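# test case, fold it:
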Amino acid sequence: MAVDVAPRFTQKPALKQEDNGQKLVFHCVLEASPKPDIQWFLGTTPIRDTARTRMRTEPAGGAAFNVILEIQGVAQSDAGAYKVVAKNKLGEVSASINLNFSGESCPSGRGIYEALP
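Modelled structure (predicted):
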C-alpha cells in the first residue's frame, strides 16, 4: 500500500530554451502522494493555460511527478519571478525561479534568457 507523502521538491525549477529560443520550458520534479494540485504564478498573478502558456504534471514513477510550464513566443513581458506551488492533503511546498533578459538582443533579434536562483 502506498504511503501518503507531503509534497517536496526533489529537483528545483530549471529553465531551458527550445525551438531556437521561441519556447521556454520551466521544469521541476517533486514527490507527493496523493498527486498534488499544481499552481504557477508570475509574481502574485496565477498563470492560466492559454495559447501561449501550457502547464502539465506528468507521472515520473512512484510518487514522483514532472511539473512543467511552457511559454511559447517568449516576450520581454514574460520576465519576472515565477513560483510553482504544489499542494495535497498533507501539506504545501513552493519554489521560485526568476526569468531575466540579460543585455541587448542578440543578432537574431532574440534576447538572452537567464534563470537566477
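
# which residues touch stretch 42-56?
Applying C-beta atoms under 8 Å, 6 or more residues apart in numbering, the contact partners of stretch 42-56 are 38-41, 67-73, 78, 80-82. Where you see a C-beta, it was placed from the backbone N, CA and C, and this is true even at glycine.

# endpoints of it, how far apart?
With C-alpha to C-alpha, to the nearest Å as the measure, the ends of stretch 42-56 fall 16 Å from one another.

# tell me the buried residues in that stretch?
For stretch 42-56, burial by neighbour count (16 or more other C-beta atoms under 10 Å) applies to 42, 47, 53, 55.

# pLDDT of that stretch, averaged?
Taken as a whole, stretch 42-56 has a mean pLDDT of 96.

# how far away from the center of its chain is it?
10 Å (C-alpha atoms, centre = their mean, to the nearest Å).

# can you start the count at 52 instead of 1 from here on
Let's use 52 as the start, then, which means that last one is stretch 93-107.

# so in terms of bridging, what pairs with the closest residue to residue 63 other than its chain neighbours?
Excluding the flanking residues, the one nearest residue 63 by C-beta to C-beta, 6 or more residues apart in numbering is residue 146, at 5.2 Å. Counting by DSSP bridges, residue 146 is bridged to residue 135.

# could you report the neighbour count for residue 146?
For residue 146, the count of nearby residues is 17 (other C-beta atoms under 10 Å).

# distance check, it against residue 84.
Residue 146 is 19 Å from residue 84, where distance means C-beta to C-beta, to the nearest Å.

# same thing with residue 124?
36 Å.

# the spatially most central residue of the chain is in what secondary structure piece?
With distances taken as C-alpha atoms, centre = their mean, the residue of the chain nearest its centroid is residue 77 (3.8 Å). Assigned by DSSP states H and E, residue 77 falls within strand 74-84.

# quick one: average confidence on that strand?
On average, the pLDDT along strand 74-84 is 96.

# with just CA atoms, put it into PDB.
Extracted in PDB, the C-alpha atoms of strand 74-84 (Å, rounded to 0.1, in the frame of the first residue of the first chain):
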ATOM      1  CA  LYS A  74       9.800  28.400 -26.300                       C
ATOM      2  CA  LEU A  75      10.900  28.500 -22.700                       C
ATOM      3  CA  VAL A  76      10.300  25.400 -20.500                       C
ATOM      4  CA  PHE A  77      10.300  25.500 -16.700                       C
ATOM      5  CA  HIS A  78      10.800  22.000 -15.300                       C
ATOM      6  CA  CYS A  79      10.900  20.700 -11.800                       C
ATOM      7  CA  VAL A  80      10.400  17.300 -10.100                       C
ATOM      8  CA  LEU A  81       8.600  16.700  -6.900                       C
ATOM      9  CA  GLU A  82       7.400  13.800  -4.800                       C
ATOM     10  CA  ALA A  83       3.800  13.700  -3.400                       C
ATOM     11  CA  SER A  84       1.100  11.200  -2.700                       C
END
